[in-house]
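Engineer: all I have is the shape, not the residue letters:
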């Protein structure tokens with residue numbers, strides 16, 4: 001798994017802040033929710049930050065069903081889930 005970040009409001013280069021296999025991430029389950037926890041650097045410095053991504057079962061299914069490349073909108077215009 002890798003995670004890239006870049007500026008949201010202007011053109012700019014992306015920075016890979018995480019490149020690890022999934023088994024190196026902390027995964028927690030809480031009912032139907034799954035939470036991924038990992039440490040990675042920030043976009044502008046090399047400080048370490050703890051990131052948490054939480055998905056409900058229905059959100060995970062929606063991501064899997066959507067498949068790669070089905071969105072034609074830029075990421076900055078995606079609705080928050």
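Structural biologist: In hand now; what should we look at? Small disclaimer: the values here were computed from a predicted structure and weren't measured.
Engineer: for the chain, give me the ranges with low pLDDT.
Structural biologist: 68-81 (pLDDT under 70).
Engineer: recalculate using a threshold of 90.
Structural biologist: Residue ranges of the chain with pLDDT under 90: 1-2, 6-8, 12-13, 20-32, 34, 36, 41-47, 57-58, 60-81.
Engineer: all helices for it, in order.
Structural biologist: 57-66 (DSSP state H).
Engineer: can you give me the strands for it?
Structural biologist: Listed in chain order, the strands of the chain (DSSP state E) span 2-5, 15-19, 26-30, 33-41, 48-55.
Engineer: what separation do you get for residue 60 and residue 28?
Structural biologist: Going from residue 60 to residue 28 by C-beta to C-beta, to the nearest Å gives 14 Å. Yep, even glycine has a C-beta here, placed from its N, CA and C like the rest.
Engineer: residue 19 against residue 2, yeah?
Structural biologist: Yes. Assessed by C-beta atoms under 8 Å, residue 19 is found in contact with residue 2 at 4.5 Å.
Engineer: list the contacts for residue 1?
Structural biologist: By C-beta atoms under 8 Å, 6 or more residues apart in numbering, residue 1 lies in contact with 18-22, 25.
Engineer: hmm, try it at 7 Å
Structural biologist: 20-22 (C-beta atoms under 7 Å, 6 or more residues apart in numbering).
Engineer: same question for residue 39.
Structural biologist: Residue 39 neighbours (C-beta under 7 Å, 6+ apart): 48-50.
Engineer: try 6 Å this time
Structural biologist: Applying C-beta atoms under 6 Å, 6 or more residues apart in numbering, we find residue 39 in contact with 48, 50.
Engineer: buried ones in stretch 31-51?
Structural biologist: Using 16 or more other C-beta atoms under 10 Å as the test for burial, stretch 31-51 gives 34, 38, 40.
Engineer: done for today, thanks.
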